[in-house]
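Visitor: Sequence below, structure please.
(one chain, ligands or ions: 1)
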Amino acid sequence: MSNGQTTALRSVAVFCGSNFGVSPEYTDAARALGAAIAARGITLIYGGTSKGLMGVLADAALAAGGSVTGVINQRLHDRGHLHPGLSRHEIAPHMRERKARMAELADAFIALPGGLGTLEELLEAATLTQLGDHEKAYGVLDTRGFYQPLVAMLALATREGFLKPEHRDMLQIESDPHALLDRLAGWRRPDVSKWIGQPGS
Ligand code: AMP
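Guide: The predicted structure follows:
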């Protein structure tokens, strides 16, 4: 953090696909991450359903004796999407409140591969850290090079003058779950303002 201390991770929010992806490597990665989070005694915060990688992740954390909190929205809950075996769950009125609640509950964020929902959740968490609305680490578990195009996009945004290198580098990238959790726990927010060549902080 900006005061020089590192974060003790008590809870991590994981964003990931509500589909499985084409390769078993994705389900393997979700399983390994769920088990690693549980092994460290970290509470898993996630979308609360049994769908796709989300279900695999939650099942793995629960099977390893972990604590899992699902934050689901009312509509998906009413359609019967809630995972039946969670340690606890909360119901939020809509997707936006749900995301805000997940961010409140989590000390850090991880994205596994996923689609629009996953990318949106990751980039919102990143934006709030960049602006200082919260000071929480975030990273991706990079399976099959899935996140390399995002890394390239952030490099382009930096070269083109839209993103500071310090903010580009806030995204932690690892393919091993324990290495990623170590990085998130050791992360410190860079002490730079968002704006390039403009007054204001
Ligand atoms: P996507 O990557 O588009 O599959 O969306 C997955 C992400 O969006 C997850 O991290 C969830 O937080 C949220 N999401 C999308 N669909 C669902 C669903 N059916 N149940 C719960 N969360 C969902």
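Visitor: give me every residue that touches the residue in the chain positioned nearest to the ligand.
Guide: Residue nearest to the ligand within the chain: Gly117 (2.3 Å; C-beta to the nearest ligand atom). All C-beta spots, glycine's among them, are computed from the backbone N, C-alpha and C. Going by C-beta atoms under 8 Å, 6 or more residues apart in numbering, Gly117 touches 15, 17-18.
Visitor: Likewise for Leu82?
Guide: Here Leu82 is in contact with 48-49, 70, 72, 76, 89 (C-beta under 8 Å, 6+ apart).
Visitor: Return the per-residue confidence for it.
Guide: At Leu82, the pLDDT value in this model is 96.
Visitor: do the same with the one 4 residues further on
Guide: At Leu86 the predicted local distance difference test score is 98.
Visitor: Does it touch Leu57 like I think?
Guide: No - using C-beta atoms under 8 Å, Leu86 makes no contact with Leu57, being 11.8 Å away.
Visitor: more crowded one of the two?
Guide: Taking other C-beta atoms under 10 Å, Leu86 and Leu57 do not tie; Leu57 has more neighbours (28 against 20).
Visitor: how about the residues of the protein that lie near the ligand?
Guide: 15-19, 47, 49, 51, 76, 81, 114-118, 121 (C-beta under 6 Å from any ligand atom).
Visitor: just to revisit the earlier point, where does the residue of the chain closest to the ligand fall, secondary structure wise?
Guide: helix 116-131 (DSSP states H and E).
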